[in-house]
Structure formats: C-alpha cells, structure tokens
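Colleague: fold the stuff below for me.
(chains A and B)
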Protein chains: 2
Amino acid sequence: MTPPDFSFSLTGQDGHARAGLLRTAHGEVPTPCFMAVGTAGTVKAMTADAVRATGTRVVLGNTYHLMLRPTAERVARLGGLHKMMDWPGPILTDSGGFQIMSLAKLRKLEEKGVTFRSHIDGTAHELTPERATEIQHLLDATITMQLDECTKFPATHHEALESMELSLRWARRSRDAFVKRPGYGQFGIMQGNVFEDLRRRSAAALVELDFEGYAIGGLAVGEGQETMFEVLDYCTDFLPARKPRYLMGVGTPDDLLGAVARGVDMFDCVMPTRAGRTARAFTSNGIFNMRNARFQDDARPLDESCACTACTRHTRAYLHHLFRCEEMLGPILLTTHNLTYYQTVMQGARKAILDQNYESYCADVRGNWQRGPDA
Amino acid sequence: MTPPDFSFSLTGQDGHARAGLLRTAHGEVPTPCFMAVGTAGTVKAMTADAVRATGTRVVLGNTYHLMLRPTAERVARLGGLHKMMDWPGPILTDSGGFQIMSLAKLRKLEEKGVTFRSHIDGTAHELTPERATEIQHLLDATITMQLDECTKFPATHHEALESMELSLRWARRSRDAFVKRPGYGQFGIMQGNVFEDLRRRSAAALVELDFEGYAIGGLAVGEGQETMFEVLDYCTDFLPARKPRYLMGVGTPDDLLGAVARGVDMFDCVMPTRAGRTARAFTSNGIFNMRNARFQDDARPLDESCACTACTRHTRAYLHHLFRCEEMLGPILLTTHNLTYYQTVMQGARKAILDQNYESYCADVRGNWQRGPDA
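Modeller: Okay, here's the model as predicted:
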C-alpha cells in the first residue's frame, strides 16, 4: 500500500481559528494539535503507551540531542526513531535552530552552519542546513524542520533582519537537501522577531520554496504573551491558508487558545511535561502546585473532569505525598495528567471551531481557570 | 458478601519445595510468590497498572516510612493503602523491625519498644508492638507483621538469644494487639540469627501464638547465601506445614530458587526494583548492566523469552540510550522487566513443583544464566 501524500485540509473555520486534518505516512492528525516533546527519543517519564493514552498524536524529537546521543546514524541502524521509541505515529523533529539561541555560549555561527560544543563532553559537532536535513532523514522524521537561527529577544531591526536573511538562505539549502518521500513533509520557519516587515518578507520568501507547512519561529523567547499575540495577529495572514501552521515552543493552555484564535494549527512545548516533573498541575480549575500542604488531606481527584489515570484512580493527597517523598510516580502521574489536559483543551477547541463557538469555548475554559482548587 | 477467612492450602510438594494458595480478603495468591516492595505507598517508578502487568499479586508497604509520611492516620482517612495506591490486591506491611537494624544510629531500643529519630526531619517517633500493629491496621494491611528486632550479623549467641527473646515478648504483645478480621492475617517473625537452637526455640514459641503465617527474619543481612541456605535447611522444619512461610528481604533469583527448595513460600526484596533504577537487568541469560557500551548497537530484545513492554517493544540499544541519558523511562522499563522476570521465575517454580520436576527446573534456569548476553 502506498502511503498517502503529505497533505493538510481545512475541515472548519471560526473567525481566524481553523480545524484541519493533517495526513502523513504515519497517520492522520486532527488539528489544532499539541505535540508532546520527546527530546532524546522519549517523552520524559512516559512509556509510549502512556503517551498514546493521553490523546497525543504527534511527538517531537530533537536533532541536537539525538545527534549527540545515540547519534542519527545509530537511530537509523535501529530502524528509525518510530521503531526505537515504539511510536508508529507521526514524529516531528526540530533542526537544532533553537539550540543556536539557547546554547549561544557553546556554538560558533557561520554562513555555512553552526558548530556546537557538546554540552555533555565538549566534542565539536557541525550542523549545516544539509546535515540537519540529513540527520532528520536518518531519524525518519515524518516532519523535517529547516535549519534556522532562532533570533534572540530583544533584537534590533538590523539584527533581526540579518538573522532572518540567514535563516532564509538556510531554508533554501534545507529545501534542496530534503528528499521528498510520500507522506513526509518539510516545514520552513518564519523568522523576523517582532518586526512586521521582516515577518512578511520571511514568509513570502519561504512560500516560494513551497514547503509542506510553515512554522512561526522566534516567539515565546521572552517577549511576553501580549507581544506574541500582536505578532500572531498579523503574521499568520502571511502564510498560505492551505498549509499547516506551527507555532514553535508554545506554550501555556492560555497561549494555545489565543494562538488558535489567531490561526495557528500546531504547537509543541516542554511545559506540560516539565511542569509534570515539578509538581505543577494544569487543570480545568487552574494551575496547582501539588507540593502545597493544602492538598495533604485532599481526597478529591486532581481534576474531576479529567479521564486520566491520575484523576480517575488517585487523590490529590496521594499526588502530594508522592511529590513530598520525591517518588518517580509523582512525575509519571502528573505528566500523564498534564498531557491529557492539554489534549483535552485542544480537542475541545477543535470541536468548538467545527461548532462555530470557539470564542465562547475559550471564555468558558478561561473562566473555569479562575475557580481554583476548591471549586 | 463475607470475605473468605485468611487461609493457606498446599496444592503440591516436590521434596521440600511447596506450591500453595493463599486466600485473603483482597484476593488469592498462588505461592511460591514474590512480593514487590512499595515502601512509601508506591512501587518505585511504576503505576499500579504497570505492577499488575508484571504478574505481581502482592505489594509491600513499610510501617516506618508510611508512619512518617503521609502518616498512618492520614492513610486511614484516605480509605487505606489499597485505595490510596490503587492496589485492591493483598498488601503486606512490615512492622519497622528491619529499620531497628538498618537505622541503628537513629533509634533507642527499650523493652517497651523503639524510638526513632526521623531520617527526614529528626522528629521522634515511638514504635511499640501495640503501635506497630495499630499502624498496620490503619493502613488496612492484609498481612500485618509483628514488631521484631532484626538481629544484626554477626552476633554472639548471647546477643542473638537476648534479641530473639525480646522479639518473642514483642510477638505476644503484637498478637494481643491484632484485631482479627475475616481475610486478614498476622505473621510472627522467627529470629535466632544463625543459631539452630535459637531458631528452634523462637519458632516453637511463635507457633503457640497461632499466627496466620510465619516469617523467617534476620537473614540476608550479610551472612551470605551459603550460610542463609544452611539456616533454611533446618529452620523451615520448625514451622507448621499448613501455614505460609515468608523469608524476609530475599533476594536474587538464585536465592529464591534455593529458598523455595528449602520450603519457603513467600519473598520480598528491593532487588528487582532497585536494580531496575540502576541499569541492572535480571534476565533468563543472566544479569546485565545496561550502561555497558556493548549494548549501544544491540538491536535485540533485552530478553527474548520475556513478554514485558521493555522486551517486546524495545531494543537493548534503546535501554542503553535511556540510561546513558538518565531518562526516567530507563528505570520505568527496567523495573517493569525485572519484576516480570522475578514473577516468571516464580510462576515457573510453581508449575515445576506441581509437575514434580523442581530440581531440573532450577538446573535449567541456573544453566541459562551462564549463557550471557550473546546467547
């Protein structure tokens, strides 16, 4: 059976908010969707079955981390990331562009690419647009990202222009290096910081390269939600309606609702998984810190409206106890819950868009966050 | 429906090795059986569903740890340990006697009981036979253990005698404090170190108290396997045939096979779970250290004959990668495997006893351990 071509179709729209369906070699993904971060080939604290049970349809892998350990060639020898992780569904891999910013002290940036000093053992690793694309091919990524430079914030217009233009030149080289395969896609990454003219130029040039989808990069890097929403207010319109739009590294459930309202289809963020390891619970009644002593005798479920294992089988008091004792089951259960909550919010958003009541859905969800743990 | 009375029946015997069935208020347990340690109300790194999937039928809780956090009264308010942990099956709780030895520097031992300085915050906690029994009642333990003093090794005959006699006086007080309930039981603990006369006297006195089962305490404390087996060679005969026999804190799969051969029915040990967190794999081909670089390209399953998630969904190379990256999924998967392996060995032992070929079963299992990872 030939895998379907990589495609995206809109199934509904409500204002700027879109519901869609992404088809890939590794299965279909209803959008809007939240993708779980699996940096080193594992969504932290979760078996693949546990990730699936949260409703997650796409996981992320990180080029930078996987090229250091276990190496892209080794993943390829093991049959690719899907097989290695026991994740037959779609996998999106970032290109290492984010680490150009986050590991600024450990890298040398040149026209041809970037050289990292490994944060593990100090060895040098070169990442060019061609090599980043090849690595993602070796990983068998369903969705490959171009190599880009994620511009720091704040940046001057001149710095943002130079950086955006470098990312564009790398976009062309990444696109040339990408081996098209049925059901696989490559996304270009719009840069331009908070400057509308740069975002417009970046998008226009990327669209000429005809990527299978477009990411909005360089946001959620310290500019704050208000500024991020201002940028999204104009920049999604620069992207073609019939291609998926992916806002990289975002965010809180509130960020997701706001970005969907502005026409974004896909998200990834470490927030639900990282918070799950540090006792922060995202719930329909707001964000709780499970270490708080207020929960020590609280026999209620973490979130009554949630169907996950943490909420249907255990109490807040037990979660509190597990985190106090630094038991691994605390992170396991709370990561399960947080991912389930994110997916529940996204599923609700999709339904609301199809039902043409996205605005009131957001108002309800946001209103409920005000209720707090004693609701 | 009235729960069945707590009972034990032998279903088979091969030499001294016994197959049996334990009936409790929380379900039946075929023996020989290995019980998974869940010190603080969680089998480390495992959801309750994951523990069940390994074939584990009984989990342990620790009186000392649970009385400190979350406290026995709090567990009772939360409906007991079964409900708190999502473990409706049988739970055995130790009495704190082991900590009298292991936390020797943090406790004061007197006739009436022991006072611990909490290893967490230094607060004082008194544990008498009566209080240890009450705590286990509050926890809703299916099987309550008497408070005992686990004698250190080595000990002189005089020290072992004094300690054993203290444990006997505590046994009487524990038995008096135990509230009999249908399907619940209390085990006495034989002490006497490596001295046959003391073991005999301890057992005889305990049997007069008519416990629902008997534990063999004070072994696996540094005496070595050979000495442990020598003690077991005589001391199981001091216990009534129609009651379950539980060897506390033991051990390796080899220890288990040897102890079953000597008439032991029940075991607990941190070994499979602790090893699972430190990259040591118990397999049908022997013990492997998954951090070893020999596994970095090894695309084979950890143990071909094992049906657990780690073995059916992943490769040795992936497990190696997870431990190198210190990803939580490494401990999760390897704990899953190690517990599954222990249960598989116990299920095989039971079948072999019923089939009257226990000796050849042990020879096969032990022979296979010599094959190593390249078998």
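Colleague: need the helices for the stretch 201-350 of chain A, in chain order.
Modeller: Along the stretch 201-350 of chain A, counting by DSSP state H, counting those that start in this stretch, helices occupy A:225-235, A:253-261, A:271-277, A:309-313, A:316-324, A:329-354.
Colleague: I'd like these as TSV, with distance to chain B, mean neighbour count and mean pLDDT appended.
Modeller: Where you see a C-beta, it was placed from the backbone N, CA and C, and this is true even at glycine. Shown next, in TSV, are the helices of the stretch 201-350 of chain A (distance: least, Cβ to the nearest Cβ, whole Å; neighbours: other Cβ atoms under 10 Å in any protein chain shown; pLDDT from 0 to 100):
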stretch	distance to chain B	mean neighbour count	mean pLDDT
helix A:225-235	30	17	98
helix A:253-261	24	23	98
helix A:271-277	8	22	98
helix A:309-313	4	21	98
helix A:316-324	4	24	98
helix A:329-354	4	24	98
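Colleague: for chain A, list the residues in contact with chain B, please.
Modeller: A:40-42, A:44-49, A:69-70, A:74, A:77-79, A:84-86, A:296-297, A:299, A:309, A:313-315, A:317-318, A:320-322, A:324-325, A:327-329, A:331-333 (Cβ under 8 Å from any Cβ of the partner chain).
Colleague: let's see 7 Å
Modeller: Taking Cβ under 7 Å from any Cβ of the partner chain as the measure of proximity, chain A contacts chain B at A:40-42, A:44-45, A:47-48, A:69-70, A:74, A:77-78, A:84, A:86, A:296-297, A:299, A:309, A:313-315, A:317-318, A:321-322, A:324-325, A:327-329, A:331-332.
Colleague: surely A:Q99 and A:H65 touch.
Modeller: No - A:Q99 is beyond contact range of A:H65, at 8.5 Å (criterion: Cβ atoms under 7 Å).
Colleague: overlap of the contact sets of those two?
Modeller: With contacts defined as Cβ atoms under 7 Å, 6 or more residues apart in numbering or on different chains, no residue is shared by A:Q99 and A:H65.
Colleague: tell me which residues of the lowest-mean-pLDDT helix or strand in chain A come out buried.
Modeller: Lowest by mean pLDDT, DSSP states H and E among the helices and strands of chain A is helix A:97-102, with a mean of 90. Using 16 or more other Cβ atoms under 10 Å in any protein chain shown as the test for burial, helix A:97-102 gives A:97-101.
Colleague: next one: stretch A:11-20
Modeller: Buried residues in stretch A:11-20 (16+ other Cβ under 10 Å): A:12-14, A:17-20.
Colleague: determine which two of the residues you listed are furthest apart.
Modeller: The span of these, defined through Cβ to Cβ, is set by A:D14 and A:G20 at 12.4 Å.
Colleague: related to what we said a few turns ago, now the helices of the stretch 201-350 of chain A in JSON lines, with distance to B:M248?
Modeller: Converted to JSON lines, the helices of the stretch 201-350 of chain A look like this (distance: least, Cβ to Cβ, whole Å):
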{"stretch": "helix A:225-235", "distance to B:M248": "57"}
{"stretch": "helix A:253-261", "distance to B:M248": "48"}
{"stretch": "helix A:271-277", "distance to B:M248": "34"}
{"stretch": "helix A:309-313", "distance to B:M248": "29"}
{"stretch": "helix A:316-324", "distance to B:M248": "25"}
{"stretch": "helix A:329-354", "distance to B:M248": "24"}
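Colleague: out of those, nearest to A:L147?
Modeller: The closest of the helices of the stretch 201-350 of chain A to A:L147 is helix A:225-235. By Cβ to Cβ, the value is 20.5 Å.
Colleague: residues making contact with that closest one?
Modeller: Contacts of helix A:225-235 (Cβ under 7 Å, 6+ apart): A:190, A:194, A:196, A:199, A:203, A:216, A:219-220, A:255, A:258-259, A:262, A:264.
Colleague: same deal with stretch A:44-60?
Modeller: A:29, A:33, A:35-38, A:43, A:85-87, A:89-94, A:268, A:273, A:276-277, A:308, A:331-332, A:335-336, A:339-340, A:343, A:347, B:309, B:313, B:327-329, B:332.
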